[in-house]
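1. fold the following.
(one chain, ligands or ions: 1)
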Amino acid sequence: MVRRTTWSQYRQSIGDRSGLFAAVVDRWPVGEALYPGSYVDLSPSTAIASVTYVDTDARAGRFFADTDLVEQELAGRTRPGAGARVRFLAADYTGPLEVPRRSVDLIVSLYAGPVSEHTRSYLRPGGWLLANTSHGDASLAVSTLRGPSSRLSITATAATACRPGGSTSTSSPGARTWPTRNASAPPVAASPTRARPSPTSSS
Ligand SMILES: C[S@@+](CC[C@H](N)C(=O)[O-])C[C@H]1O[C@@H](n2cnc3c(N)ncnc32)[C@H](O)[C@@H]1O
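-> Numbers count the residues shown, from 1 in each chain. Model prediction:
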């Protein structure tokens, strides 16, 4: 029998980001999110109603295919209305995804490469990119989207999202905002501060 890699196991090594997503939803109207390179990080579904997870890793595929397990993992952890739709695409995010263009409120880019470069077409006008600086995606998004004609708003959020014992908090010391919120892709740069996730060491 193949042993499932689960979000609860993964949380033991990277911590729980539920508080980060709760903070995002408290601040912005996010009902639909896309998480390319999610591995088994189910935390967005604790706060967001509909999340599409994307990964090429077979362990992620097995985890999300077990809908009972996903339901169990979310039990007692969701905010009202969250976790209603959990969808997984076993796909390479650099190629086309079965996601309507300009349809999602939030793209999540955490430790998974240049997600924003390949998936921004799925973001609705006025939507948000949550990216951290690891793998350079926050910087890439800023350099690509910021320019003389861009009306870009960037909030830099230092997120202490990963803490042993499950408690989670976020903070925004020195949050910075540039001019006006753009219709195309204002990013939130979030920086979870604990261990770098490395799914290759999981079973
Ligand atoms: C370091 S893990 C990070 C997982 C999760 N985002 C986190 O922060 O805990 C990177 C994940 O991105 C996935 N990944 C990397 N490039 C990908 C691609 N082009 N398409 C789909 N998944 C990809 C890997 O399979 C892996 O599961």
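2. report the rounded mean pLDDT for stretch 110-126.
-> The average pLDDT within stretch 110-126 is 94.
3. need the distance between the two termini of that stretch.
-> Using C-alpha to C-alpha, to the nearest Å, the end-to-end distance of stretch 110-126 comes to 20 Å.
4. can you tell me which helix or strand residue 8 belongs to?
-> helix 7-14 (DSSP states H and E).
5. pull the distance from the next helix or strand after that helix to the chain's centre.
-> Where DSSP H and E defines the elements, the next helix or strand beyond helix 7-14 is helix 18-27. Taking the mean of its C-alpha atoms, helix 18-27 sits 11 Å from the chain's own mean (C-alpha atoms, centre = their mean, to the nearest Å).
6. mind checking how far residue 27 is from residue 68?
-> Distance, residue 27 to residue 68, by C-beta to C-beta, to the nearest Å: 33 Å. All C-beta spots, glycine's among them, are computed from the backbone N, C-alpha and C.
7. excluding covalently adjacent residues, which one is nearest to residue 74?
-> residue 83 (4.7 Å; C-beta to C-beta, 6 or more residues apart in numbering).
8. hang on, I meant residue 89
-> residue 54 (4.7 Å).
9. and for residue 141?
-> Here the residue nearest residue 141, using C-beta to C-beta, 6+ apart, is residue 116, at 4.3 Å.
10. part of a helix, is that neighbour?
-> Yes. Read with DSSP: H, G, I helix; E, B strand; the rest coil, residue 116 is one of the residues of a helix.
11. my guess is residue 101 meets residue 122, correct?
-> Yes. Contact criterion C-beta atoms under 8 Å: residue 101 and residue 122 qualify, at 6.1 Å.
12. that's all I had, so thanks and see you.
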